[in-house]
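Engineer: 3D, please:
(chains A and B)
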2 protein chains.
Amino acid sequence: MSNPMFESVCKEIFPFWDKISESDREYICQNSHDALYPKGKNIHDSSECSGVILVRSGSLRLYMMSDEGKDITLYRLYRGDLCMLSASCVLESITFDVFVDVEEDSQCYIISGPAFAAVSKRNPDIRIFALETAVSRFSDVMWVMQQILFMSMDKRLAIFLSDESTRTGSDVITMTHGQIARYMGSAREVVSRMLKYFANEGIVEVSRKDIKILDKKRLRALAL
Amino acid sequence: MSNPMFESVCKEIFPFWDKISESDREYICQNSHDALYPKGKNIHDSSECSGVILVRSGSLRLYMMSDEGKDITLYRLYRGDLCMLSASCVLESITFDVFVDVEEDSQCYIISGPAFAAVSKRNPDIRIFALETAVSRFSDVMWVMQQILFMSMDKRLAIFLSDESTRTGSDVITMTHGQIARYMGSAREVVSRMLKYFANEGIVEVSRKDIKILDKKRLRALAL
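Structural biologist: Sure, this is the predicted structure:
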């Protein structure tokens, strides 16, 4: 095989890897490539079949976009995560368009959509894996939808700040209000107003470019 | 088999029916029952496993609900449609809660969730079918989300009225403004205001209990 590193990643990520034939494994490897993506790059655009994306490092943001260019983050992908929604030719029942941007410099493996689809036609285990990956993301998206449509803004912002702090392992969140608003599918003004409210309550300290969490306990209580 | 009618329905709806063993077919039939549901009844509630619901006549409405009782319609099910999201024990990757109400008196078949899950463990074709059904609903839900989050209200209402008129084959839509708002995940006030605007434009004629479409052409143009 051309890339033993890629094969070991496949073995780690795909539960079906040892169950499929050696020729199918080889076929997948031959139709895959490494990619280094700089922060900010758009790597998947609406309904084209960009292939199955495997994240090795960095992070990707998956979002939907309106005709007017407004976007809503659906979820992010980190090391070890797999993007099936970028491979519309594998899952024909996926008929909506998503976009994928690089959020931090990322190293990825891209498996060609048609190659993955061909092998999955021969192997029900692969088809089940691909569908289950998509269905579990369905749950993520429903969660986002519930947040946006039903939840009050203070709770949503508290959850966002808590999650972000847990993810980065830091009490300082280095993002502008506009960036936070975009992630939350909200307006900058709304986020700024709520941050000011949190600051007045002594929960956070706000500057132009970052937010420092002062009272984790109260932030968590708000997030419940 | 106890119910030849049910078996013929299964044959019609399930592409895997002829591929599974006779004992599996019998097992599904033995763990299924007829149900007649009156309009208005709630037949599935959050995350319990109510089973796979097969609609024979009438219609069901699937929706999500906030803690405060606000609901958003995700999609409706008609004759021949299948509800997998009510069978959370079949699809473990579905972790969100949905509700199902009877919208018109309905005749359904209910297949026990654990029985369906047991048979699908033995038959990859069933598992693939169940997952594909769920994934195609994912596309429906994304469409709703796009409508609610991105589209302007006039466009959304025009689409709703057009679709409803096409579905019922009538120019008169017998629904209150509150009902329409609930289907659209909006407020009654917003719907009433927009309907008044449509009426002023001569597109519809509005009374307390129904809406008559006067200018289909303009309504369609708004819906584009």
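Engineer: residue ranges of the helices in chain A, please?
Structural biologist: For chain A, applying DSSP state H gives helices covering A:4-13, A:22-30, A:113-122, A:124-150, A:153-168, A:177-184, A:188-200, A:216-223.
Engineer: and the ones you listed: which comes nearest B:Leu222?
Structural biologist: helix A:124-150 (23.6 Å; Cβ to Cβ). The way it works is simple: take the backbone N, C-alpha and C, and place the C-beta from them, glycine included.
Engineer: relative to B:Ala158, which of the helices of chain A is closest?
Structural biologist: When those are ranked by distance to B:Ala158, counting by Cβ to Cβ, first place goes to helix A:124-150 at 21.2 Å.
Engineer: distance check, the residue most central in space within chain A against B:Glu92.
Structural biologist: In chain A, the residue lying closest to the centroid (Cα atoms, centre = their mean) is A:Arg76, at 1.8 Å. Computed as Cβ to Cβ, to the nearest Å, the A:Arg76 to B:Glu92 distance reads 23 Å.
Engineer: chain B: which of the helices of chain A is closest?
Structural biologist: helix A:124-150 (3.4 Å; Cβ to the nearest Cβ).
Engineer: can you tell me the closest non-neighbouring residue to A:Thr174?
Structural biologist: Distances taken as Cβ to Cβ, 6 or more residues apart in numbering or on different chains put A:Asp210 closest to A:Thr174, at 4.6 Å, once the chain neighbours are dropped.
Engineer: model confidence for that neighbour, exactly?
Structural biologist: pLDDT recorded at A:Asp210 is 92.
Engineer: A:Ala115 too?
Structural biologist: For A:Ala115, pLDDT reads 95.
Engineer: share the number of residues neighbouring the residue lying closest to it once chain neighbours are set aside, please.
Structural biologist: Nearest residue to A:Ala115, sequence neighbours excluded (Cβ to Cβ, 6+ apart): A:Asn31, at 3.4 Å. Counted with other Cβ atoms under 10 Å in any protein chain shown, residues neighbouring A:Asn31 total 17.
Engineer: what separates A:Asn31 from chain B, distance-wise?
Structural biologist: Per Cβ to the nearest Cβ, to the nearest Å, A:Asn31 is found 23 Å from chain B.
Engineer: stretch A:153-163: how far from the chain's middle?
Structural biologist: Stretch A:153-163 has its C-alpha centroid displaced from the chain centroid by 18 Å (Cα atoms, centre = their mean, to the nearest Å).
Engineer: contacts for that stretch next, please.
Structural biologist: For stretch A:153-163, the external contacting residues (Cβ atoms under 8 Å, 6 or more residues apart in numbering or on different chains) are A:147-148, A:173, A:180, A:183-184, A:186, A:190-191, A:194-195, A:197-198, A:204, A:211, A:213, A:216, A:219-220, A:222-223.
Engineer: which of these count as buried?
Structural biologist: A:148, A:173, A:180, A:183-184, A:186, A:190-191, A:194-195, A:198, A:204, A:211, A:213, A:219, A:222-223 (16 or more other Cβ atoms under 10 Å in any protein chain shown).
Engineer: is stretch A:77-85 in proximity to chain B?
Structural biologist: No. Using Cβ under 8 Å from any Cβ of the partner chain, we find that stretch A:77-85 stays clear of chain B, coming within 9.3 Å at best.
Engineer: can you dump the C-alpha atoms of that stretch in CSV for me?
Structural biologist: Taking C-alpha atoms only, stretch A:77-85 is exported to CSV below (Å, rounded to 0.1, in the frame of the first residue of the first chain):
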residue,chain,number,x,y,z
LEU,A,77,-15.1,18.4,13.6
TYR,A,78,-11.9,17.6,15.5
ARG,A,79,-9.1,15.0,15.4
GLY,A,80,-10.5,11.6,14.7
ASP,A,81,-13.8,12.9,13.4
LEU,A,82,-15.2,12.0,10.1
CYS,A,83,-17.3,14.1,7.7
MET,A,84,-19.8,12.1,5.7
LEU,A,85,-22.1,15.1,4.7
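Engineer: let me see the domain layout of chain A.
Structural biologist: Domain ranges of chain A: A:4-149, A:151-223, per automatic domain parsing.
Engineer: closest to B:Gly169 out of those domains?
Structural biologist: For the domains of chain A, proximity to B:Gly169 was assessed by Cβ to Cβ; domain A:4-149 is nearest, at 26.0 Å.
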